[in-house]
Structures are given as C-alpha cells and as structure tokens.
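S.K.: fold the stuff below for me.
(2 chains)
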Amino acid sequence: MGRTSAKGRRNAVRAARTAAGMTQAELAGQLGVARQTVVAVEAGDYAPSVYLALAIVGVLGGSVEELFGERAEVASAASGKTATKE
Amino acid sequence: MTVEQNEQPERGGDGWFVTAAAVAGDLDNPFYREERQRDVWNEAAAIGYQVILFLGLAAAAGMLWIGGEPSMPYAVTLLAVLGIASIISAVYAARLGVDVDESTRMLRLRMVPFLALLILVVAGLVRVAPADGFGSGLAQGAVAGAALAVLWLAVKWIRARRRTSGAGPVSS
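M.R.: Numbers count the residues shown, from 1 in each chain, chains lettered A, B, ... in the order given. This is a model prediction of the structure:
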C-alpha cells in the first residue's frame, strides 16, 4: 500500500553502523532521532531526508552514495541473500 | 520556453492564513522536529481525516433517513463541521503549492462511496426538509452547498481525466 517512503529500497546503513561498533540507540542519539527511525532506515522502510542522510554520513563516515546509492542496494541485497542461505 | 520562464517565483511569507492554520495545528510542536515521527503522524492524520469524513457523512445520512426532520439541524451542523474542516485543509495545502485535486488523488474508486454517501445525504435533506420556515432555508442551503460540492468534484474529475489522457503518470 502507500506507506512511506523508501518502498523497500536497501541501503548500507546497518553494515556501516555495525562496522563502526555502534548500537542503533547510540546512532539515534548522535543523530537526534528516535531509535525507531534508525530501525526503519536500516530496514528500508523509511527514506531519510537529505539532511538526515548527511547526518548519518557525518556519524558513520563514507558518502551518501556509498550508504544509499545503487551499489549499497546491490551489496545489501547480496549480503541479505547470503544471510538467508546461512 | 526558457529555464527562467519555466521557473516558479520564490515564495514570499506564509501569510495570515497559513500562520493561523499552523497555530491551530500546533505545527511548531517539538514532536514534528523528528522527521519520521512527522511523516508517520502525517499518515495517521490522513487516515483519521478520511475515517472522520466517511463516518461523518454516514452519520449525517443516518440521522436524516432514520431520525427524520427533528434530526435535520444536527445533521446540517455535522455537515458544516466536515465541510469547514475540509475547506481549511484544502486551502492550507493550496497556499503551500499542493493541489488537492491533482489527478492521481481524484481518479480513485474510493471516491465512489463518498459520492454515494453525499447523494444519500442530499436526498435525505430533500426528503425531511419542512415546507417553510428556518428549517426549509437550512435544508435549501445545505442542498445547494452539496450540489455545488458535487459539481465542483465533477468538474475537477473531468479536468483530471483530460490531463491524464493527455500525459502519462508522473510518479513511478
């Protein structure tokens, strides 16, 4: 149905966060958003605004393209399939 | 058409209506600063608005067809409340450059039950309206308002159909 906004698009936020050794609550705290927002972004249920995307990059490093671009989608999809097989 | 000609002018201030509506809507509440909270609440409010509109029309129709003439003032009051709230919402959106009669919104099957309820309400008003006096005037005014609303919807619907037949969908 018409729920917002990312329409299931994948991203590399979860991978970048775990690589940075942060919990969702810690990332949310640094971004000034609710933990549920981080959960929704990582799950691809919510497309963050450009300002939140830039803030995420500011905390986790890399670039918006690396976290949300096409390659991030492909990499996230591949890791998801691997995890499913395991 | 050049790029300059195609550009929208920069918006000036919000104006008194938008400012007043923002105060009424408590839009500077800190709750709205968290962007996903704001998005989800927007969806929740849209759901609530649609439910209120549908149930309100159904209640007005029920009052008129079951309660008869004595319940007419209550039904008209309910319709007035629904109408004023809807007009405020539409004007607020229009002032901020969002056209609520945009074709993808209008050309929906979900409009059919709304229109059916509206017709039921108008027919109920005609049925129970007294022959003269204040109640008669009230009913005539409500019928005229409802007829104008249906006419407005029909015109928008036809325009939207013409637009969509001339151009493909914009969104993915």
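S.K.: for chain B, what's the nearest residue on chain A?
M.R.: Here chain A gets closest to chain B at one residue, residue A:37, 4.2 Å apart by C-beta to the nearest C-beta. Just so you know, the C-beta spots here come from the backbone N, C-alpha and C atoms, and that holds for glycine as well.
S.K.: and that residue, how many neighbours?
M.R.: Using other C-beta atoms under 10 Å in any protein chain shown as the criterion, residue A:37 is surrounded by 24 other residues.
S.K.: mind telling me what element the residue in chain B positioned nearest to chain A is part of?
M.R.: The nearest approach of chain B to chain A comes at residue B:36, 4.2 Å away (C-beta to the nearest C-beta). Element membership for residue B:36 (DSSP states H and E) is helix B:35-62.
S.K.: between helix B:35-62 and the next helix or strand along the chain from that helix, find me the angle.
M.R.: Once the chain leaves helix B:35-62, the next helix or strand it forms, by DSSP H and E, is helix B:72-95. Here helix B:72-95 points in a direction 150 degrees away from that of helix B:35-62 (axes from the mean of the first three to the mean of the last three C-alpha atoms, to 10 degrees).
S.K.: sorry, back to before: thought the residue of chain A closest to chain B was touching residue B:38?
M.R.: No: shown here, residue A:37 and residue B:38 do not form a contact pair, counting by C-beta atoms under 8 Å, at 10.5 Å.
S.K.: what about the helices in chain A?
M.R.: Counting by DSSP state H, chain A forms helices over residues A:13-19, A:24-31, A:35-43, A:50-60, A:64-68, A:70-85, given from the N-terminal end onward.
S.K.: could you find the closest non-adjacent residue to the residue most central in space within chain A?
M.R.: For chain A, the residue whose C-alpha lies nearest the mean C-alpha position (C-alpha atoms, centre = their mean) is residue A:13; its distance is 3.0 Å. Using C-beta to C-beta, 6 or more residues apart in numbering or on different chains and skipping the chain neighbours, the partner closest in space to residue A:13 is residue A:42 (5.0 Å).
S.K.: likewise residue A:33?
M.R.: On the basis of C-beta to C-beta, 6+ apart, the spatially nearest residue to residue A:33 that is not a chain neighbour turns out to be residue B:34, at 5.5 Å.
S.K.: dump the residue contacts of the residue of chain A closest to chain B.
M.R.: Each residue near residue A:37 by C-beta atoms under 8 Å, 6 or more residues apart in numbering or on different chains is listed here: A:28, A:31, A:46, A:48, A:52, B:34, B:35, B:36, B:37.
S.K.: between the two ends of stretch B:25-45, what distance do you get?
M.R.: End-to-end span of stretch B:25-45 (C-alpha to C-alpha, to the nearest Å): 11 Å.
S.K.: buried set for that stretch?
M.R.: Of the residues in stretch B:25-45, B:34, B:35, B:36, B:37, B:39, B:40 count as buried by neighbour count, 16 or more other C-beta atoms under 10 Å in any protein chain shown.
S.K.: okay, residue A:43 and residue A:10: tell me how far apart.
M.R.: Plainly put, residue A:43 is 9 Å away from residue A:10 if you go by C-beta to C-beta, to the nearest Å.
S.K.: and if you look at residue B:151?
M.R.: The span separating residue B:151 from residue A:10 equals 48 Å under the rule C-beta to C-beta.
S.K.: quick one: which of the two has more around it?
M.R.: The residue with more neighbours, out of residue B:151 and residue A:10 and counting by other C-beta under 10 Å, is residue A:10; that gives 20 against 10.
S.K.: do you know how far the more buried one is from residue A:69?
M.R.: Using C-beta to C-beta, which is the criterion applied here, residue A:10 is 11 Å from residue A:69.
S.K.: kindly report the same for residue B:144.
M.R.: According to C-beta to C-beta, residue B:144 stands 56 Å off from residue A:69.
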